[in-house]
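1. Predicted model and sequence below, questions to follow.
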Amino acid sequence: MNSINSTKNYTAQVPFFEKEGAFDFIIIGGGSAAFSAAIKAESMGLKTLMVNAGLDFGGTCVNVGCVPSKTLIRAAEAAYQARHSNFAGIVPKGVEVDFKRVIRDKKALVAKLQQQKYMDVVSDFKNLTMLKGWASFKDHQTIEVFADDTEKRALLGRYRGTNILIATGASTNIPNIEGLKEVGYLTHVTLFDVEEKPQSLTIMGAGYIGLEIAMAYRRLGVRVRMMEFSDRPLRTQTKDITSVLVAQMEGEGIELLPNFRAVKFEKSGLDIIIHGQCPDGSITQIVEKGHIVVATGTKPNTSQLGLEKIGLQCTEKGHIIVNAKMQTNISNIYAAGDVANTPSFVYTAAAEGNMAVQAAFSCLSVDGVGLDYASLPWVVFTDPQIAGVGLDEREAESAGIPFEVSKLDLTHVPRALAAQDTRGFIKLIRNPETDALIGARIIAPEGGELIQQLSMAIKYGISVKELAESFYPYLTLGEGIKLAAITFGKDVSKLSCCAS
């Protein structure tokens, strides 16, 4: 996390509740960080204004991110399992996919959760005002709000806040490639609402968003191609992880084009012609009869905030720089969620929103502890799932931390053998001088369900020895944690079941 070079200290000039248009707390944004902050502010009796534009209240997670994507992933898993069996004695009969119904059911769930988990939660708040519109800073305590209309943008009003939280999230970063805008493209924001099953998809980008889309739509019967400018998908992870993932994806018929860069798009009738640079530098043409999906990373939503007027410090990529208490270089302005230079997860955004309110209104001491991401767990919902916490071996080496790696293939885990699904492994990274767990990486069916235990081990200093000596129910995937810990000192292939 970048540090803040200097802090401008401003004395609040607007007393609480003094006049119309003045608020204790202004929240710019309407997603998870914003709602978490609003809930905390209400509990403290703060007069709060929430200003939101773009995505509906609830933000990315419920509207176009976590909820719809994981719903489609689960639907796709059901279809996949109806076609495939790990057991010779079980012969699947196939499945009929009503694609339009799948999408409509997804929309219904999104609408239900958006109402229940966001709007209903704040419906009886006495001190919260919610306003739809685009906010822009006039000064460090004043925002101007404009109508949520790209053509008129009429000024709705000016509002002053003792403290202000920026929680505007992030959106897809669209690459500047000739013809892309003209041929048309989808992102995760628009793709999940297309009710007619696409004939095919070409996905630009092979990060976690692109990968989850690729596997879900392929299993729902869509032909999928992925273009990635680096040598492999999910390049942030080590090659042993991505090799397992690549084998699975190619086995399901997903076409992967590594070291491939699109340089031009054009229409030819109903087809889209993709001009791409191959690994050897030559140019080739690819025909896409369906849709282009852009999944080339995200950018923070800051362009319309007028941050240049107040001198707010941002990273080179535009993320707002905050400290562990979510405070920016301007003492009464805070940032949380995907717009800040912090990990981009819905659960971190919610924690950051809560933290910002506490810090802004002196619920924390000056030297109080802020958020610590050292034990932050994460999951990529491919199949097999990829999960991690702490450092991997490359990061430990780069940081100069002594490390030792234990890698346990699922072929040594009884649960995986019983399920006849041994795809993947569990990898633990420890400091051999202290026996402290410093990181873990898992690629396994439902591997995400294992990572929280390892997060807690890092957070509370549970040693690898203690992990190895703990009780684990036999024939659970969790037993793999015990076996991986034992593997630091023993060959588990020579142990009997349940032995340690």
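-> Alright, I've got the coordinates.
2. Might you report the residue contacts of the nearest residue to Thr172 once chain neighbours are set aside?
-> With C-beta to C-beta, 6 or more residues apart in numbering as the criterion, Thr172 has its nearest non-adjacent residue at 4.2 Å, and that residue is Thr187. Glycine gets a C-beta too; all of them are placed from N, C-alpha and C. Contact analysis of Thr187 by C-beta atoms under 8 Å, 6 or more residues apart in numbering lists Thr172, Ile174, Val293, Val294, Ala295.
3. what's stretch 305-323 in contact with?
-> Here stretch 305-323 has contacts from 1-5, 8, 28, 135-140, 166, 168, 299-300, 302-303, 328-330, 333-336, 339-342, 370, using C-beta under 8 Å, 6+ apart.
4. can we see that at 7 Å?
-> 2, 4-5, 135-137, 139-140, 166, 168, 299-300, 302, 328-330, 333, 335, 339-342, 370 (C-beta atoms under 7 Å, 6 or more residues apart in numbering).
5. So how do I select the buried members of those residues in PyMOL?
-> Restricted to buried positions by 16 or more other C-beta atoms under 10 Å, the PyMOL selection for these reads:
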select buried, resi 135+136+137+140+166+168+299+300+302+328+329+330+333+335+339+340+341+342
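6. Tell me which entries of the contacts of stretch 305-323 lie within strands.
-> Among the contacts of stretch 305-323, the residues falling in strands (DSSP state E) are Ala135, Ser136, Phe137, Asp139, Ile166, Lys299, Pro300, Ile333, Ala335.
7. Which members of those are the farthest-apart pair?
-> Asp139 and Lys299 (25.5 Å; C-beta to C-beta).
8. Check the gap between the residue nearest in space to the middle of the chain and Asn63 for me.
-> Nearest to the mean C-alpha position of the chain, counting by C-alpha atoms, centre = their mean, stands Phe345 at 4.4 Å. Here the criterion is C-beta to C-beta, to the nearest Å. By it, Phe345 lies 16 Å from Asn63.
9. cool, and Ile274?
-> 29 Å.
10. where does the stretch 401-500 of the chain have low pLDDT?
-> 499-500 (pLDDT under 70).
11. can you give me the strands in it?
-> Shown for the stretch 401-500 of the chain, the strands assigned by DSSP state E, counting those that start in this stretch span residues 404-409, 425-431, 436-444.
12. which one of those lies closest to Val222?
-> The nearest among the strands of the stretch 401-500 of the chain, by C-beta to C-beta, is strand 436-444 at 24.0 Å.
13. counting contacts, what elements does the closest one pack onto?
-> Helices and strands touching strand 436-444, as assessed by 3 or more C-beta pairs under 7 Å, 6 or more residues apart in numbering; DSSP states H and E, comprise helix 239-251, strand 385-390, strand 425-431, helix 451-459.
14. So which of these is nearest Thr129?
-> That would be, of those and by C-beta to C-beta, helix 451-459, which comes in at 37.1 Å.
15. how far away is the residue nearest to Thr172 from Cys497?
-> Counting by C-beta to C-beta - Thr187 and Cys497 are separated by 48 Å.
16. How about Glu144?
-> Glu144 is 68 Å from Cys497, by C-beta to C-beta.
17. Compare the two (neighbour count), which wins?
-> Glu144 (16 against 8; other C-beta atoms under 10 Å).
18. Just the helices from the stretch 101-250 of the chain, written as ranges.
-> 120-122, 180-183, 188-191, 208-219, 239-251 (DSSP state H, counting those that start in this stretch).
19. Of the ones you listed, flag the one that's most buried.
-> Neighbour counts (mean count of other C-beta atoms under 10 Å) averaged over each of the helices of the stretch 101-250 of the chain peak at helix 208-219, with a mean of 24.
20. Packing partners of that helix?
-> helix 66-83, helix 188-191, strand 200-204, strand 223-227.
21. Export those to JSON lines and append columns for distance to Lys317 and mean pLDDT.
-> Converted to JSON lines, the helices and strands packed on helix 208-219 look like this (distance: least, C-beta to C-beta, whole Å; pLDDT from 0 to 100):
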{"stretch": "helix 66-83", "distance to Lys317": "23", "mean pLDDT": "96"}
{"stretch": "helix 188-191", "distance to Lys317": "19", "mean pLDDT": "96"}
{"stretch": "strand 200-204", "distance to Lys317": "19", "mean pLDDT": "98"}
{"stretch": "strand 223-227", "distance to Lys317": "22", "mean pLDDT": "98"}
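22. nearest to Ile401, of these?
-> helix 66-83 (32.3 Å).
23. Now stretch 317-328: average pLDDT?
-> Stretch 317-328 carries an average pLDDT of 96.
24. now do stretch 87-94
-> Mean predicted lDDT for stretch 87-94 stands at 94.
25. same thing with stretch 156-173?
-> pLDDT averaged over stretch 156-173 gives 96.
26. Over to stretch 284-300?
-> The model assigns stretch 284-300 a mean pLDDT of 97.
27. contacting residues around that stretch?
-> 170-175, 183, 185-188, 191, 198-205, 207, 209-210, 213, 271-276, 278, 318-320, 338-339.
28. What subset of those residues is buried?
-> 170-173, 183, 185-188, 191, 198, 201-205, 207, 209-210, 213, 272-276, 318-320, 338-339.
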